[in-house]
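Enquirer: Just to be clear, the model below is a prediction. Sequence and coordinates:
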Amino acid sequence: MRILMINHFPLEGSGSGTYTKNLAMQLVSMGHEVCVIMPENTVDFPRYDGVRFHPVYFTGEGSAPADALPFNFPCFTTHPRSLVAFGDLDEVQLNSYIQAFRAAIEDEIVQFKPDVVHGQHVWILSSLAVGCGVPLVLTAHGTDLMGVRSWPNLRPFAERAIDACSCVICVSKDNEQLVREIFPEAAHKLVLMSNGYNPAIFKPLGLDASEVLAPYGVDVEGRRIVLFAGKLTNFKGVDVLLNAAARYELQAPDVVTVLAGDGELREELEAQAHSLGLQRVHFLGNVAQDELCRLYNIADVDLVPSRREAFGLVAVEAMACGTPVVATNEGGLPDFVNDQVGALVPVNDAQALADAILDTLERASADWRADIASFARAYSQEAVISELVPLYQQAIEQFR
């Protein structure tokens, strides 16, 4: 089977990008052919064996070609390599964006000859595949639904995509409910299918924490590690985490907090940490997936304090490494985070977050980490693919 995937973001630095990359690599390993169309602002983006890439280039911090679009790729919130929002595009930029991706899609319809198109996000690029003579499957990632509400002038693109698709994959129960509320006419097309982590990358490893964090200048000798991994943007709740750190630093002087990620709020959050007088909070910046696995492995607890998370792939990745997770009781996180693997806390409650972190640190043990890693296997990419391929086949049969 030949699958054309379309994503609004590069395959590194966002949840939907990681989702697309994981699917592509797993499908190729099973003998399928995959082509991915996505934005890029550097020619030096990572390639993966067996995957065909069709980048649409934008101007950014990287080494983009001379004919790249003269602005950075737009986002729903932010991306480590772009702070441009869809709402920031003027009419000329939006038209250039649409024309560039329409040309890429039309080119791959002819050259790659896909059997099915898998559009990531119920949004602009998926709508451009409508009418190309190939069945369309969508995945709603959550931030696209934020986009529909934030920029109603762009909603017609989402409506066109959802009207024409064979099904809409929803990555959590909460995500499914949101799609149902925003697009009630598509209720019969919704399919609940969890996100999946890459077990080739995320797995338990025997690592020395001091060696892993030494390149960042972080001393963790004899200390316990609290980790956050994700974008430094409002809905991730990092401000609440810092307020919690002000509490647990007083009670547990051996705890170090490590934040892996970047975003438009970094300076503001660093200023907040300084104003709170936090002594053991370290901002590492954006890290690659291999390095992220190393951080999960040395962490004593992983935090997902999001105000709303459509699924929460970072939590599953951490669990796959055997790391307990403390997350908010919101969005898709309650689907798989419970007291077996960590704890759930209310949104925006710094005291509850601090208490849960301290309690989870006290529960930590080698046996518990092994149980957590075993629990996470149900969310591996192999499990997702076993459900996804039949959906592709069904879409193809219905389209004939």
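Expert: Sure thing, it's come through.
Enquirer: For the closest residue to Val218 other than its chain neighbours, which three-state class applies?
Expert: Distances taken as C-beta to C-beta, 6 or more residues apart in numbering place His282 nearest to Val218, at 4.9 Å, with adjacent residues excluded. Where you see a C-beta, it was placed from the backbone N, CA and C, and this is true even at glycine. Three-state call for His282 (DSSP: H, G, I helix; E, B strand; the rest coil): strand.
Enquirer: Show the contacting residues for His282.
Expert: Tyr216, Val218, Val256, Thr257, Val258, Leu259 (C-beta atoms under 8 Å, 6 or more residues apart in numbering).
Enquirer: Could you rerun that using 7 Å?
Expert: His282 makes contact with Tyr216, Val218, Thr257, Val258, Leu259 under the criterion C-beta atoms under 7 Å, 6 or more residues apart in numbering.
Enquirer: ok, which stretches of this structure are helices?
Expert: 15-29, 91-111, 124-128, 143-150, 155-164, 173-182, 209-213, 238-251, 266-275, 289-298, 313-320, 350-363, 366-376, 381-399 (DSSP state H).
Enquirer: who touches the last one?
Expert: Here helix 381-399 makes contact (C-beta under 7 Å, 6+ apart) with 1, 3, 22, 26-27, 30, 115-116, 135, 137, 166-167, 191, 193-194, 196-199.
Enquirer: Then the second one?
Expert: Taking C-beta under 7 Å, 6+ apart as the criterion, the residues outside helix 91-111 that touch it are 4, 6, 35, 37, 54, 56, 69, 71, 89, 124-125, 128-129, 132, 134.
Enquirer: picking up where we left off before, okay, and which of the contacts of His282 map to strands?
Expert: Thr257, Val258, Leu259 (DSSP state E).
Enquirer: Rounded mean pLDDT for stretch 219-226, please.
Expert: For stretch 219-226, the mean per-residue pLDDT is 92.
Enquirer: Any idea how far apart the tips of it sit?
Expert: 13 Å (C-alpha to C-alpha, to the nearest Å).
Enquirer: Show me which of the contacts of helix 381-399 are buried.
Expert: Among those, those classed as buried by 16 or more other C-beta atoms under 10 Å are 3, 22, 26-27, 115-116, 135, 137, 166-167, 191, 193-194, 196-199.
Enquirer: from the residues you listed, which ones fall inside strands?
Expert: Under the assignment DSSP E, the buried ones among the contacts of helix 381-399 contribute Ile3, Val116, Val137, Cys167, Val191 to strands.
Enquirer: Skip the chain neighbours and tell me the closest residue to the first one.
Expert: Same thing as Ile3. Val34 (5.1 Å).
Enquirer: Can you tell me how far the one you found is from Gly133?
Expert: 19 Å (C-beta to C-beta, to the nearest Å).
Enquirer: Between these two, which is the more surrounded one?
Expert: Val34 (24 against 8; other C-beta atoms under 10 Å).
Enquirer: picking up where we left off before, which pLDDT value belongs to the residue nearest to Val218?
Expert: Looking at His282, its pLDDT is 97.
Enquirer: partners of it in the sheet?
Expert: In this entry, His282 is beta-bridged to Val258, by DSSP bridges.
Enquirer: And it, how close does it get to Ala104?
Expert: 40 Å.
Enquirer: Can you list the low-confidence ranges for the chain?
Expert: 61-62 (pLDDT under 70).
Enquirer: can I see the domain layout of it?
Expert: Under the assignment automatic domain parsing, the domains of the chain span 2-196+380-399, 209-379.
Enquirer: Centre of the chain to the first one, how far?
Expert: This means domain 2-196+380-399. Distance of domain 2-196+380-399 from the chain centroid (C-alpha atoms, centre = their mean, to the nearest Å) equals 13 Å.
Enquirer: Going forward, count from 7.
Expert: Sure, I'll start numbering at 7, so the last one becomes domain 8-202+386-405.
Enquirer: Endpoints of that domain, how far apart?
Expert: With C-alpha to C-alpha as the measure, the first residue of domain 8-202+386-405 is 15 Å from its last.
Enquirer: What residues sit buried inside stretch 134-147?
Expert: Buried, per 16+ other C-beta under 10 Å, within stretch 134-147: Leu134, Ala135, Val136, Cys138, Val140, Pro141, Leu142, Val143, Leu144, Thr145, Ala146, His147.
Enquirer: Pipe these into a markdown table and attach distance to Pro190 per row.
Expert: Shown next, in a markdown table, are the buried residues of stretch 134-147 (distance: C-beta to C-beta, whole Å):
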| residue | distance to Pro190 |
| --- | --- |
| Leu134 | 24 |
| Ala135 | 23 |
| Val136 | 20 |
| Cys138 | 27 |
| Val140 | 27 |
| Pro141 | 23 |
| Leu142 | 20 |
| Val143 | 20 |
| Leu144 | 16 |
| Thr145 | 19 |
| Ala146 | 14 |
| His147 | 20 |
